[in-house]
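Enquirer: Okay, structure incoming, though there's no sequence with it:
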């Protein structure tokens with residue numbers, strides 16, 4: 001089956017030429033999300049790493065929901081931080097609150113020199129559709 005490229009009207013406005021998600025053979029790859037407000041894309045970013053991490057995770061959850069999935073379907077995440085040493089612990093606290101302790105996705109966290117729109121954090125992920133189409 002060929003890949004399906006998802007552009008979702010309710011999701012945050014893309015800041016570059018990309019699809020919100022690409023799906024192939026039950027695998028769903030979400031593009032990294034920024035801490036932008038999907039209802040007010042020109043609004044200033046939330047202040048601080050905690051608020052930015054919450055907005056990013058909420059944006060990812062919004063996209064998953066639009067695709068009939070949720071965070072329980074996530075198998076892998078990548079986190080990008082511009083202030084790694086300063087923000088790592090606080091980001092981890094917020095991030096962990098989105099997953100049950102016994103269902104944490106595989107994860108990589110990377111320090112970077114910059115992110116689009118001046119964000120301090122960006123997170124992308126991979127999810128897997130259940131084999132049973134009635135399961136959510």
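Expert: Yep, that arrived. Keep in mind the model is a prediction, meaning the values are calculated, not measured.
Enquirer: tell me the pLDDT at the residue most central in space within the chain?
Expert: Residue closest to the mean C-alpha point of the chain, counted by CA atoms, centre = their mean, is residue 60 at 3.7 Å. Reported pLDDT at residue 60 in the predicted model: 97.
Enquirer: so where do the strands sit in the chain?
Expert: Taking DSSP state E as the criterion, the chain carries its strands at 4-6, 21-24, 27-33, 74-81, 106-111, 121-128.
Enquirer: Please identify which of these is closest to residue 52.
Expert: Closest to residue 52 of those is strand 121-128 (CB to CB; 5.1 Å). Where you see a C-beta, it was placed from the backbone N, CA and C, and this is true even at glycine.
Enquirer: and that closest one, what other elements does it pack with?
Expert: The contact analysis (3 or more CB pairs under 8 Å, 6 or more residues apart in numbering; DSSP states H and E) places strand 121-128 against strand 27-33, helix 49-66, strand 74-81, helix 84-96.
Enquirer: With distance to residue 6 added, can I get these in CSV?
Expert: Below are the helices and strands packed on strand 121-128 laid out as CSV (distance: least, CB to CB, whole Å):
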stretch, distance to residue 6
strand 27-33, 8
helix 49-66, 8
strand 74-81, 16
helix 84-96, 23
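Enquirer: And those: which comes nearest residue 14?
Expert: strand 27-33 (7.7 Å).
Enquirer: and the angle from the closest one to strand 121-128?
Expert: Put simply, strand 27-33 runs at 170 degrees to strand 121-128, going by axes from the mean of the first three to the mean of the last three CA atoms, to 10 degrees.
Enquirer: got the buried residues for strand 27-33?
Expert: For strand 27-33, the neighbour count (16 or more other CB atoms under 10 Å) marks 28-33 as buried.
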